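Q: Here is my input; please provide its structure:
(one chain, ligands or ions: 1)
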Amino acid sequence: MSVGFLHKELEQIKDAGLYRRLRRVESDQGPTLLIDGREVVNFSSNNYLGIANHSGLAAAAKAAIDRYGCGSGASRLISGNMTLHEELENRLAEFKGTEAALVFNSGFQANTGVISTLADEGDAIFSDALNHASIIDGCRLARAKTFVYGHNDLTQLEDELKRAASFRRKLIVTESIFSMDGDEASLTEIVELAEKYDAVVMVDEAHATGVFGAHGAGVVQKLGLGDRVLVQMGTLGKALGGFGAYVAGSRGLRELLINRCRSFIFTTSLPPAVMAMAMAAIELVKREPERRETLRNNCRRLKEGLRKLGFHVDASESPILPLIIGDAGECMGFSERLLEKSVFAQGIRPPTVPPGTSRLRITLMATHTREHIDRALEAFQAVEESR
Ligand SMILES: Cc1ncc(COP(=O)(O)O)c(C=O)c1O
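A: Numbers count the residues shown, from 1 in each chain. So this is what the prediction gives:
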(Lines give C-alpha, C1' and ligand atoms only; values in the text may rest on other atoms or scores of the structure.)
Protein backbone atom coordinates (compact mmCIF):
# COMPACT_ATOMS: atom_id res chain seq x y z
CA MET A 1 0.00 0.00 0.00
CA SER A 2 1.28 3.48 -0.86
CA VAL A 3 2.22 5.59 2.13
CA GLY A 4 1.47 8.82 0.23
CA PHE A 5 -1.48 9.35 2.56
CA LEU A 6 0.94 10.32 5.32
CA HIS A 7 2.23 13.28 3.33
CA LYS A 8 -1.23 14.18 2.10
CA GLU A 9 -2.57 14.33 5.62
CA LEU A 10 0.42 16.36 6.81
CA GLU A 11 -0.17 18.83 3.97
CA GLN A 12 -3.79 19.19 5.03
CA ILE A 13 -2.70 19.90 8.60
CA LYS A 14 -0.23 22.52 7.37
CA ASP A 15 -2.80 24.13 5.06
CA ALA A 16 -5.16 24.50 8.02
CA GLY A 17 -2.42 26.24 10.03
CA LEU A 18 -2.50 23.42 12.59
CA TYR A 19 0.91 21.81 12.05
CA ARG A 20 2.64 20.97 15.34
CA ARG A 21 6.28 20.38 16.05
CA LEU A 22 8.19 19.38 19.14
CA ARG A 23 10.29 21.97 20.92
CA ARG A 24 13.40 20.62 22.67
CA VAL A 25 14.12 21.71 26.25
CA GLU A 26 17.79 21.36 27.16
CA SER A 27 17.55 22.23 30.87
CA ASP A 28 15.63 20.98 33.89
CA GLN A 29 12.03 22.15 34.36
CA GLY A 30 12.49 25.41 36.24
CA PRO A 31 10.93 28.88 35.93
CA THR A 32 13.40 29.39 33.10
CA LEU A 33 14.21 26.86 30.38
CA LEU A 34 17.04 26.44 27.93
CA ILE A 35 15.55 26.18 24.44
CA ASP A 36 17.80 26.14 21.37
CA GLY A 37 20.65 27.28 23.59
CA ARG A 38 18.71 30.33 24.84
CA GLU A 39 17.34 30.97 28.30
CA VAL A 40 13.63 31.79 28.23
CA VAL A 41 11.14 32.41 31.04
CA ASN A 42 8.75 29.49 31.24
CA PHE A 43 5.05 30.41 31.23
CA SER A 44 4.00 27.10 29.66
CA SER A 45 4.29 24.50 32.40
CA ASN A 46 1.84 22.69 34.68
CA ASN A 47 4.60 22.49 37.27
CA TYR A 48 2.62 25.12 39.20
CA LEU A 49 4.40 24.73 42.53
CA GLY A 50 7.83 24.57 40.92
CA ILE A 51 8.80 21.23 42.42
CA ALA A 52 9.53 19.17 39.29
CA ASN A 53 13.25 19.80 39.84
CA HIS A 54 13.15 19.78 43.66
CA SER A 55 16.12 18.07 45.29
CA GLY A 56 13.86 16.34 47.85
CA LEU A 57 11.93 14.56 45.10
CA ALA A 58 15.16 13.58 43.35
CA ALA A 59 16.63 12.21 46.60
CA ALA A 60 13.48 10.15 47.25
CA ALA A 61 13.62 8.74 43.71
CA LYS A 62 17.31 7.83 44.04
CA ALA A 63 16.76 6.11 47.40
CA ALA A 64 13.88 4.09 45.91
CA ILE A 65 16.06 2.97 43.00
CA ASP A 66 18.82 1.93 45.42
CA ARG A 67 16.39 -0.14 47.45
CA TYR A 68 13.90 -1.44 44.87
CA GLY A 69 15.65 -1.09 41.51
CA CYS A 70 14.40 0.57 38.34
CA GLY A 71 11.45 -1.26 36.88
CA SER A 72 8.38 -2.97 38.32
CA GLY A 73 8.57 -5.80 35.79
CA ALA A 74 4.86 -6.49 35.41
CA SER A 75 1.36 -5.18 35.83
CA ARG A 76 -0.12 -4.68 39.30
CA LEU A 77 -2.20 -7.88 39.12
CA ILE A 78 0.77 -10.04 38.17
CA SER A 79 4.01 -9.36 40.10
CA GLY A 80 4.20 -5.58 39.75
CA ASN A 81 2.30 -4.60 42.90
CA MET A 82 5.16 -3.38 45.08
CA THR A 83 5.13 -2.06 48.64
CA LEU A 84 5.58 1.48 47.34
CA HIS A 85 2.40 1.37 45.22
CA GLU A 86 0.27 0.55 48.23
CA GLU A 87 2.14 2.98 50.46
CA LEU A 88 1.53 5.79 47.97
CA GLU A 89 -2.14 4.87 47.67
CA ASN A 90 -2.57 5.03 51.45
CA ARG A 91 -0.89 8.44 51.51
CA LEU A 92 -3.07 9.66 48.63
CA ALA A 93 -6.25 8.51 50.38
CA GLU A 94 -5.17 10.34 53.51
CA PHE A 95 -4.27 13.46 51.48
CA LYS A 96 -7.65 13.45 49.72
CA GLY A 97 -9.67 12.40 52.77
CA THR A 98 -11.11 9.33 51.04
CA GLU A 99 -11.36 5.67 52.04
CA ALA A 100 -9.04 4.54 49.28
CA ALA A 101 -6.99 5.50 46.24
CA LEU A 102 -5.59 3.74 43.20
CA VAL A 103 -2.59 4.83 41.16
CA PHE A 104 -2.66 4.96 37.35
CA ASN A 105 0.21 5.33 34.89
CA SER A 106 -1.13 8.64 33.60
CA GLY A 107 -4.14 10.89 33.85
CA PHE A 108 -5.01 9.98 30.29
CA GLN A 109 -5.16 6.29 31.21
CA ALA A 110 -7.09 7.02 34.39
CA ASN A 111 -9.82 8.94 32.56
CA THR A 112 -10.24 6.55 29.65
CA GLY A 113 -10.20 3.55 31.98
CA VAL A 114 -12.42 4.82 34.76
CA ILE A 115 -15.15 6.25 32.52
CA SER A 116 -15.34 3.12 30.40
CA THR A 117 -15.48 0.99 33.55
CA LEU A 118 -18.29 2.95 35.16
CA ALA A 119 -20.50 3.45 32.11
CA ASP A 120 -21.60 0.72 29.70
CA GLU A 121 -24.42 -0.02 27.29
CA GLY A 122 -27.70 1.32 28.65
CA ASP A 123 -25.95 3.99 30.72
CA ALA A 124 -25.64 7.75 30.14
CA ILE A 125 -22.63 10.02 30.54
CA PHE A 126 -22.97 13.81 30.88
CA SER A 127 -19.76 15.55 29.88
CA ASP A 128 -18.88 19.27 29.92
CA ALA A 129 -18.15 20.60 26.40
CA LEU A 130 -14.68 21.76 27.46
CA ASN A 131 -13.60 18.51 29.11
CA HIS A 132 -10.10 17.23 28.33
CA ALA A 133 -9.39 14.87 25.40
CA SER A 134 -8.84 11.97 27.80
CA ILE A 135 -12.39 12.38 29.15
CA ILE A 136 -13.76 12.62 25.61
CA ASP A 137 -11.93 9.42 24.69
CA GLY A 138 -13.19 7.74 27.87
CA CYS A 139 -16.73 8.57 26.74
CA ARG A 140 -15.96 7.17 23.28
CA LEU A 141 -14.64 3.94 24.78
CA ALA A 142 -17.63 3.48 27.05
CA ARG A 143 -20.57 1.99 25.22
CA ALA A 144 -22.87 4.42 26.97
CA LYS A 145 -24.75 7.35 25.39
CA THR A 146 -22.87 10.60 25.91
CA PHE A 147 -24.70 13.89 26.40
CA VAL A 148 -22.34 16.86 25.98
CA TYR A 149 -23.63 19.91 27.85
CA GLY A 150 -22.47 23.49 27.20
CA HIS A 151 -19.52 24.60 29.28
CA ASN A 152 -20.69 24.72 32.91
CA ASP A 153 -24.26 25.15 31.64
CA LEU A 154 -26.32 23.77 34.51
CA THR A 155 -29.64 24.45 32.80
CA GLN A 156 -28.65 22.26 29.87
CA LEU A 157 -27.21 19.63 32.20
CA GLU A 158 -30.51 19.49 34.10
CA ASP A 159 -32.50 19.26 30.86
CA GLU A 160 -30.36 16.36 29.70
CA LEU A 161 -30.60 14.60 33.06
CA LYS A 162 -34.40 14.84 32.79
CA ARG A 163 -34.34 13.48 29.23
CA ALA A 164 -32.16 10.56 30.32
CA ALA A 165 -34.42 9.34 33.10
CA SER A 166 -34.75 5.88 31.58
CA PHE A 167 -31.02 5.13 31.43
CA ARG A 168 -29.62 2.63 33.93
CA ARG A 169 -26.61 4.48 35.44
CA LYS A 170 -25.96 8.19 34.98
CA LEU A 171 -22.42 9.56 35.27
CA ILE A 172 -21.61 13.28 35.23
CA VAL A 173 -17.96 14.02 34.39
CA THR A 174 -16.31 17.41 34.74
CA GLU A 175 -12.95 18.96 35.37
CA SER A 176 -12.82 21.09 38.53
CA ILE A 177 -10.34 23.61 37.09
CA PHE A 178 -10.56 23.59 33.30
CA SER A 179 -7.20 22.96 31.69
CA MET A 180 -7.32 25.49 28.86
CA ASP A 181 -9.50 28.18 30.47
CA GLY A 182 -8.50 28.03 34.13
CA ASP A 183 -12.07 28.57 35.33
CA GLU A 184 -13.80 26.53 38.03
CA ALA A 185 -16.79 24.23 37.51
CA SER A 186 -19.91 24.90 39.62
CA LEU A 187 -19.29 21.69 41.51
CA THR A 188 -21.73 22.18 44.37
CA GLU A 189 -24.58 22.75 41.94
CA ILE A 190 -23.48 19.81 39.78
CA VAL A 191 -23.48 17.53 42.83
CA GLU A 192 -26.95 18.81 43.80
CA LEU A 193 -28.25 18.03 40.30
CA ALA A 194 -26.68 14.59 40.46
CA GLU A 195 -28.45 13.87 43.74
CA LYS A 196 -31.76 15.18 42.39
CA TYR A 197 -31.60 12.97 39.28
CA ASP A 198 -29.93 9.91 40.77
CA ALA A 199 -26.60 10.35 38.98
CA VAL A 200 -23.02 9.96 40.21
CA VAL A 201 -20.19 12.48 39.75
CA MET A 202 -16.59 12.11 38.60
CA VAL A 203 -14.29 15.12 38.98
CA ASP A 204 -10.97 15.54 37.17
CA GLU A 205 -8.70 17.52 39.50
CA ALA A 206 -5.66 17.44 37.20
CA HIS A 207 -5.14 21.19 37.46
CA ALA A 208 -6.39 21.60 41.04
CA THR A 209 -4.32 18.96 42.82
CA GLY A 210 -1.60 20.67 44.82
CA VAL A 211 -3.04 24.11 44.06
CA PHE A 212 -6.54 24.36 45.61
CA GLY A 213 -7.97 23.33 48.98
CA ALA A 214 -6.39 22.79 52.36
CA HIS A 215 -2.98 21.15 51.84
CA GLY A 216 -3.60 21.30 48.08
CA ALA A 217 -6.05 18.40 48.06
CA GLY A 218 -8.21 20.00 45.35
CA VAL A 219 -11.53 21.77 44.78
CA VAL A 220 -13.73 18.86 45.93
CA GLN A 221 -12.02 19.02 49.28
CA LYS A 222 -12.17 22.84 49.34
CA LEU A 223 -15.94 22.70 48.88
CA GLY A 224 -16.44 19.84 51.35
CA LEU A 225 -17.95 17.59 48.66
CA GLY A 226 -15.75 14.55 49.23
CA ASP A 227 -18.59 12.29 50.44
CA ARG A 228 -20.89 13.29 47.57
CA VAL A 229 -18.48 12.75 44.66
CA LEU A 230 -17.95 9.15 43.53
CA VAL A 231 -14.61 9.62 41.74
CA GLN A 232 -11.88 12.19 42.36
CA MET A 233 -9.21 11.83 39.73
CA GLY A 234 -5.96 13.80 39.59
CA THR A 235 -2.47 13.69 38.22
CA LEU A 236 0.92 13.36 39.86
CA GLY A 237 2.67 14.97 36.90
CA LYS A 238 1.49 18.58 37.12
CA ALA A 239 1.66 20.50 40.45
CA LEU A 240 3.02 17.37 42.15
CA GLY A 241 6.03 17.55 39.88
CA GLY A 242 6.41 13.86 38.98
CA PHE A 243 4.46 11.48 36.80
CA GLY A 244 1.36 9.28 36.95
CA ALA A 245 -2.14 9.77 38.26
CA TYR A 246 -4.58 8.72 40.97
CA VAL A 247 -8.21 7.97 41.51
CA ALA A 248 -9.54 8.57 45.04
CA GLY A 249 -12.88 7.39 46.41
CA SER A 250 -14.45 4.49 48.23
CA ARG A 251 -12.94 1.04 48.82
CA GLY A 252 -15.62 -0.37 46.53
CA LEU A 253 -14.58 1.93 43.71
CA ARG A 254 -10.95 0.87 44.11
CA GLU A 255 -11.91 -2.80 44.12
CA LEU A 256 -14.09 -2.49 41.02
CA LEU A 257 -11.32 -0.68 39.12
CA ILE A 258 -8.78 -3.36 40.05
CA ASN A 259 -11.19 -5.94 38.66
CA ARG A 260 -12.56 -4.22 35.61
CA CYS A 261 -10.51 -1.21 34.50
CA ARG A 262 -8.56 -2.19 31.40
CA SER A 263 -6.08 0.71 31.50
CA PHE A 264 -5.18 -0.33 35.05
CA ILE A 265 -5.09 -4.07 34.46
CA PHE A 266 -3.29 -4.39 31.14
CA THR A 267 -0.20 -2.22 31.64
CA THR A 268 3.13 -2.45 33.45
CA SER A 269 2.89 -0.67 36.80
CA LEU A 270 4.75 2.55 37.53
CA PRO A 271 8.39 2.12 38.64
CA PRO A 272 9.51 2.56 42.28
CA ALA A 273 11.22 5.93 41.69
CA VAL A 274 7.96 7.48 40.50
CA MET A 275 6.10 6.26 43.59
CA ALA A 276 8.76 7.63 45.92
CA MET A 277 8.76 10.99 44.13
CA ALA A 278 5.01 11.27 44.50
CA MET A 279 5.15 10.54 48.23
CA ALA A 280 7.87 13.16 48.69
CA ALA A 281 5.77 15.61 46.67
CA ILE A 282 2.65 15.10 48.79
CA GLU A 283 4.64 15.75 51.96
CA LEU A 284 6.21 18.87 50.43
CA VAL A 285 2.87 20.21 49.23
CA LYS A 286 1.37 19.77 52.71
CA ARG A 287 4.43 21.13 54.50
CA GLU A 288 4.95 24.25 52.37
CA PRO A 289 1.62 26.07 51.95
CA GLU A 290 3.64 29.19 51.18
CA ARG A 291 4.18 27.81 47.68
CA ARG A 292 0.44 28.15 47.04
CA GLU A 293 0.48 31.65 48.49
CA THR A 294 3.38 32.74 46.28
CA LEU A 295 1.69 31.17 43.26
CA ARG A 296 -1.46 33.18 43.99
CA ASN A 297 0.53 36.41 44.39
CA ASN A 298 2.32 35.74 41.12
CA CYS A 299 -1.03 35.21 39.37
CA ARG A 300 -2.38 38.46 40.77
CA ARG A 301 0.72 40.39 39.72
CA LEU A 302 0.68 39.08 36.15
CA LYS A 303 -3.08 39.51 35.76
CA GLU A 304 -3.03 43.07 37.07
CA GLY A 305 -0.12 43.91 34.80
CA LEU A 306 -1.84 42.46 31.74
CA ARG A 307 -5.08 44.31 32.56
CA LYS A 308 -3.16 47.59 32.78
CA LEU A 309 -1.77 46.85 29.31
CA GLY A 310 -5.32 46.54 28.00
CA PHE A 311 -5.57 42.74 27.72
CA HIS A 312 -8.81 41.04 28.69
CA VAL A 313 -8.03 38.84 31.67
CA ASP A 314 -10.58 36.73 33.55
CA ALA A 315 -11.08 36.87 37.30
CA SER A 316 -10.36 33.21 38.07
CA GLU A 317 -8.09 32.24 40.95
CA SER A 318 -6.25 29.58 39.00
CA PRO A 319 -2.68 29.71 37.68
CA ILE A 320 -3.98 29.18 34.12
CA LEU A 321 -4.49 32.41 32.23
CA PRO A 322 -5.93 32.18 28.71
CA LEU A 323 -5.30 35.15 26.42
CA ILE A 324 -7.71 34.56 23.56
CA ILE A 325 -6.28 35.60 20.18
CA GLY A 326 -8.86 33.82 17.97
CA ASP A 327 -7.09 32.96 14.73
CA ALA A 328 -4.69 30.00 14.96
CA GLY A 329 -1.96 31.52 12.76
CA GLU A 330 -2.03 34.84 14.58
CA CYS A 331 -1.89 33.09 17.91
CA MET A 332 1.20 31.07 16.95
CA GLY A 333 2.81 34.22 15.55
CA PHE A 334 2.23 36.02 18.86
CA SER A 335 3.77 33.09 20.72
CA GLU A 336 6.83 33.05 18.41
CA ARG A 337 7.41 36.79 18.86
CA LEU A 338 7.21 36.41 22.63
CA LEU A 339 9.79 33.64 22.40
CA GLU A 340 12.11 35.95 20.44
CA LYS A 341 11.88 38.15 23.52
CA SER A 342 12.75 35.18 25.75
CA VAL A 343 9.23 34.59 27.05
CA PHE A 344 7.72 31.16 26.41
CA ALA A 345 3.90 31.21 26.35
CA GLN A 346 2.61 28.37 24.20
CA GLY A 347 -0.10 29.02 21.64
CA ILE A 348 -2.98 26.52 21.82
CA ARG A 349 -5.05 25.76 18.72
CA PRO A 350 -7.90 23.45 17.68
CA PRO A 351 -8.57 20.63 18.26
CA THR A 352 -7.26 21.27 21.78
CA VAL A 353 -9.59 24.30 22.00
CA PRO A 354 -12.73 25.13 19.93
CA PRO A 355 -12.18 26.74 16.50
CA GLY A 356 -11.81 30.53 16.63
CA THR A 357 -10.58 30.49 20.24
CA SER A 358 -6.85 29.93 19.74
CA ARG A 359 -5.06 31.35 22.71
CA LEU A 360 -1.87 31.84 24.57
CA ARG A 361 -2.14 29.57 27.58
CA ILE A 362 -0.07 31.36 30.18
CA THR A 363 0.65 29.41 33.33
CA LEU A 364 2.26 30.70 36.50
CA MET A 365 4.65 28.95 38.85
CA ALA A 366 5.42 29.54 42.53
CA THR A 367 9.08 29.82 41.59
CA HIS A 368 8.60 32.76 39.20
CA THR A 369 10.22 35.90 40.55
CA ARG A 370 9.02 39.51 40.17
CA GLU A 371 11.67 39.96 37.49
CA HIS A 372 10.30 37.01 35.51
CA ILE A 373 6.80 38.49 35.60
CA ASP A 374 7.99 41.99 34.75
CA ARG A 375 9.97 40.56 31.83
CA ALA A 376 6.81 38.87 30.58
CA LEU A 377 4.78 42.07 30.84
CA GLU A 378 7.39 44.00 28.85
CA ALA A 379 7.38 41.32 26.16
CA PHE A 380 3.57 41.23 25.96
CA GLN A 381 3.47 45.00 25.63
CA ALA A 382 6.12 45.06 22.89
CA VAL A 383 4.52 42.26 20.85
CA GLU A 384 1.00 43.70 21.19
CA GLU A 385 2.20 47.16 20.10
CA SER A 386 3.86 45.71 17.00
CA ARG A 387 0.72 43.81 15.87
C1 LIG B 1 -7.83 17.96 32.66
C2 LIG B 1 -6.80 16.92 32.36
N3 LIG B 1 -7.08 15.64 32.61
C4 LIG B 1 -6.19 14.67 32.36
C5 LIG B 1 -4.96 14.95 31.83
C6 LIG B 1 -4.01 13.85 31.53
O7 LIG B 1 -3.09 13.70 32.56
P8 LIG B 1 -1.65 13.08 32.28
O9 LIG B 1 -0.81 14.17 31.73
O10 LIG B 1 -1.21 12.59 33.62
O11 LIG B 1 -1.85 11.98 31.30
C12 LIG B 1 -4.60 16.27 31.57
C13 LIG B 1 -3.25 16.60 31.07
O14 LIG B 1 -2.99 17.08 30.05
C15 LIG B 1 -5.56 17.29 31.82
O16 LIG B 1 -5.29 18.56 31.53
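Q: in stretch 196-210, what counts as buried?
A: For stretch 196-210, the neighbour count (16 or more other CB atoms under 10 Å) marks 197, 199-210 as buried. Every residue, glycine included, has its C-beta placed from N, CA and C.
Q: Filter these down to the ones in strands?
A: 200-204 (DSSP state E).
Q: and the residue nearest to residue 50 when sequence neighbours are not counted, what does it touch?
A: The shortest distance from residue 50 to any residue other than its chain neighbours is 3.1 Å, reached at residue 367 (CB to CB, 6 or more residues apart in numbering). The neighbours of residue 367, taking CB atoms under 8 Å, 6 or more residues apart in numbering as the test, are 30-31, 50.
Q: would you turn those residues into TSV with neighbour count, distance to the ligand and pLDDT?
A: Listed next are the contacts of residue 367 as TSV, based on neighbours: other CB atoms under 10 Å; distance: CB to the nearest ligand atom, whole Å; pLDDT from 0 to 100:
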residue	neighbour count	distance to the ligand	pLDDT
30	18	19	97
31	20	20	98
50	22	18	98
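Q: before we move on, the earlier item: could the buried residues of stretch 196-210 go into CSV alongside pLDDT and distance to the ligand?
A: Compiled in CSV, those are given as follows (pLDDT from 0 to 100; distance: CB to the nearest ligand atom, whole Å):
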residue, pLDDT, distance to the ligand
197, 98, 24
199, 98, 20
200, 98, 19
201, 98, 15
202, 98, 11
203, 98, 10
204, 98, 5
205, 98, 8
206, 98, 4
207, 98, 6
208, 98, 9
209, 98, 10
210, 98, 13
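Q: Just name the closest of those to residue 61, please.
A: Checking the buried residues of stretch 196-210 against residue 61 with CB to CB, the nearest one is residue 210 at 17.7 Å.
Q: Can you tell me the SS state at the nearest residue to residue 61 once chain neighbours are set aside?
A: Residue nearest to residue 61 in three dimensions, not counting chain neighbours: residue 273, with 3.9 Å by CB to CB, 6+ apart. At residue 273, secondary structure determined by DSSP: H, G, I helix; E, B strand; the rest coil is helix.
Q: Residue 273 reaches residue 70, doesn't it?
A: Yes - at 7.3 Å, residue 273 and residue 70 qualify as touching, with contact defined as CB atoms under 8 Å.
Q: which parts of stretch 29-42 are buried?
A: Neighbour count says stretch 29-42 has 29-33, 35, 40-42 buried, by 16+ other CB under 10 Å.
Q: Quick one: mean pLDDT over the longest helix along the chain.
A: Taking DSSP state H as the criterion, the chain has its longest helix at helix 290-308. Averaged across helix 290-308, the pLDDT comes to 96.
Q: Look through the stretch 101-250 of the chain and state the residue closest to the ligand.
A: residue 107 (2.2 Å; CB to the nearest ligand atom).
Q: Quick check: pLDDT value at that residue.
A: On the pLDDT scale, residue 107 gets 98.
Q: and what of the one 4 residues further on?
A: Residue-level confidence at residue 111 comes out at 98, pLDDT.
Q: Let me see the contact set for it.
A: Taking CB under 8 Å, 6+ apart, one finds 132, 134-135, 137-138, 204, 233 in contact with residue 111.
Q: rerun that using 10 Å as the cut-off
A: 104, 131-139, 141, 173, 175, 202, 204, 206, 231, 233, 235, 245, 247, 263 (CB atoms under 10 Å, 6 or more residues apart in numbering).
Q: what does residue 303 give?
A: Taking CB under 10 Å, 6+ apart as the test, what residue 303 contacts is 311, 313-316, 321, 362, 364.
Q: can you check residue 296 too?
A: 211, 317-319, 364, 366.
Q: ditto for residue 53
A: 27-31, 47, 241, 367.
Q: mind putting those in CSV, secondary structure included?
A: Listed next are the contacts of residue 53 as CSV, based on three-state DSSP:
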residue, secondary structure
27, coil
28, coil
29, coil
30, coil
31, coil
47, coil
241, coil
367, coil
